[in-house]
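Peer 1: my questions are about this predicted structure, shown below with the sequence.
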Amino acid sequence: MTSAGDAREPDPPRPAGDDGHVEGERDAPAADPGKSTGGRSESTVEPEAPRTAPSSTAAPAEAPRPWWQFWRRRSVDEEPPKKKSLAREIPILIVIALALALLIKTFVVQPFYIPSGSMEQTLKINDRVLVNKMIYHFRDVKRGEIVVFNIRGTGFAPFATPLSPPSNIVSRAFRNLENLFGLGPNNSDFIKRVIGIGGDTVACCDAQGRVTVNGKALSEPYVYRDGPDEANKQFAPVKVPKGQLFVMGDHRNDSEDSRVAGPFPQSKVIGQAFVRVWPITKWRGFGVPKTFSQLTADGAPAVGALLPLWWIGSKRRRRSWRLPVLTGPPDREAE
């Protein structure tokens, strides 16, 4: 029998292993029912990361600039442009270099290979020369210059040495590449020295074996002979037609030139050979020999001969332009 003070509800039964509450021990935080896994509640709660206020010193994002403001410099915050692959740049550079070389060769300067000894000793076999292709667009050809010309349609065509055809596709490709850049032999272009221009009268030879132009004998120290001249290399006076050229090789007894092929039109000239670039040890330029300075068309006096007369006349004119000197009375001596 119990008393009224003892009337209370009995404690609920505790699960096994639970010894009850211990004094001084903190209660464990209540488990979040939303984070239960597999019917079990987690006993720990992950701390929430502290929130930081956005920095007021951060640079604002730069608005994209319009396409017409291409001159503006790139901002420091922008990412540097990505470098292009070297494997892509090399083929582009090669194509650009070949295109520039082809343009220069076509319009400005072209290298030429010397395949024969007709210009010895000035030019020897396997030499390379540079030819100025622009000079004759501004002036005519002068005597004594070394020119490269095309022989198609001229009297020189029968004297071209045939080239052996390429034996395979590789050699054919190399031949075409050499012809494209003027680095290999070809049988369509000749190189000679200009002896006479349109209006000149050329003959060979005088009593001393010298070539004459308009009755003037040429002193040619560059001429090379390793034997007697052929009979057909001596000729009666030839009048060079207007607009044509009479050329000869420096190796006089081993050159098929205008002595047998006749003059040819100046329009066939490709350009002036002005320097030898190969071999490097024999690099030299080609000027006009002094002996040609005495010549003009039809035997007229050279321009150099007229310079003293012009100077004398101009000196007299300058004297006549002077102011008259004022003199004093006749009975007074000059101070």
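Peer 2: Structure's in. What do you need? The structure presented is a predicted model; accordingly, all values stated were derived computationally and were not measured.

Peer 1: can you pull the contacts of residue 136?
Peer 2: The contact partners of residue 136, by CB atoms under 8 Å, 6 or more residues apart in numbering, come to 266, 269, 271-272. Every residue, glycine included, has its C-beta placed from N, CA and C.

Peer 1: columns secondary structure, neighbour count and distance to residue 105 on top of those residues, output as JSON lines?
Peer 2: Putting the contacts of residue 136 into JSON lines (DSSP: H, G, I helix; E, B strand; the rest coil; neighbours: other CB atoms under 10 Å; distance: CB to CB, whole Å) gives the following:
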{"residue": "266", "secondary structure": "helix", "neighbour count": "18", "distance to residue 105": "22"}
{"residue": "269", "secondary structure": "strand", "neighbour count": "22", "distance to residue 105": "17"}
{"residue": "271", "secondary structure": "strand", "neighbour count": "20", "distance to residue 105": "11"}
{"residue": "272", "secondary structure": "strand", "neighbour count": "21", "distance to residue 105": "15"}
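
Peer 1: and which of the residues you listed is nearest residue 215?
Peer 2: For these, the minimum distance to residue 215 (CB to CB) is 23.0 Å, reached by residue 266.

Peer 1: the closest one is in contact with residue 142, isn't it?
Peer 2: No: with contact defined as CB atoms under 8 Å, residue 266 does not count as touching residue 142 (11.2 Å).

Peer 1: overlap of the contact sets of the two?
Peer 2: Joint contacts of residue 266 and residue 142 (CB under 8 Å, 6+ apart) are residue 197.

Peer 1: if you count neighbours, what's buried in stretch 201-209?
Peer 2: By neighbour count on 16 or more other CB atoms under 10 Å, the buried set for stretch 201-209 is 201-204.

Peer 1: closest one to residue 214 out of the residues you listed, please.
Peer 2: Distance to residue 214 across the buried residues of stretch 201-209 (CB to CB) is lowest for residue 201, with 5.6 Å.

Peer 1: residues contacting residue 144?
Peer 2: Residue 144 sits next to 193-194, 288-289, 291-292 when contact means CB under 8 Å, 6+ apart.
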